[in-house]
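In: model this:
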Amino acid sequence: MNKEKRLYQAFLTLKSPKEVENFLNDLCTETEVADFADRLEIASLLQSETLSYREISERTGASLTTVTRVAKFLKKNNNNGYKTVLKRLK
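Out: Okay, the predicted model is just below:
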């Protein structure tokens, strides 16, 4: 198993939000975790509201580049990762 697949499998072994939190806090910097959270919030806002990219940027504090990047992944249906997670979080 390659190292990326091992990381994906590691997430699947976690059994609670607290375990995920602990793992992410060990694995990532606070800024990286905050960036992930921002991207998920941006995806949610892009799907559920009619805000402009600039308004989303101002609301989340993320750059316009980040908002545009998330929007690109939502529109192109590359891996459907954001859509899958947002659907399951509802």
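
In: packing partners for the helix or strand where Phe23 lies?
Out: Per DSSP states H and E, Phe23 falls inside helix 17-27. Applying 3 or more Cβ pairs under 8 Å, 6 or more residues apart in numbering; DSSP states H and E, one finds that helix 17-27 contacts helix 3-13, helix 30-48. C-beta coordinates here come from the backbone N, C-alpha and C atoms, glycine included.

In: Convert that helix to PDB, retaining C-alpha atoms only.
Out: What follows is helix 17-27, C-alpha atoms only, in PDB (Å, rounded to 0.1, in the frame of the first residue of the first chain):
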ATOM      1  CA  PRO A  17     -15.100  13.200  15.900                       C
ATOM      2  CA  LYS A  18     -12.700  13.600  18.800                       C
ATOM      3  CA  GLU A  19     -10.400  10.900  17.300                       C
ATOM      4  CA  VAL A  20     -10.400  12.700  14.000                       C
ATOM      5  CA  GLU A  21      -9.700  16.000  15.800                       C
ATOM      6  CA  ASN A  22      -6.800  14.500  17.700                       C
ATOM      7  CA  PHE A  23      -5.400  12.900  14.500                       C
ATOM      8  CA  LEU A  24      -5.700  16.100  12.500                       C
ATOM      9  CA  ASN A  25      -4.100  18.100  15.300                       C
ATOM     10  CA  ASP A  26      -1.200  15.700  15.400                       C
ATOM     11  CA  LEU A  27      -0.900  15.600  11.600                       C
END
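
In: Can you tell me which residue is spatially central in this protein?
Out: Leu40 (3.6 Å; Cα atoms, centre = their mean).

In: Quick one, grab the pLDDT at that residue.
Out: We have a pLDDT of 96 for Leu40.
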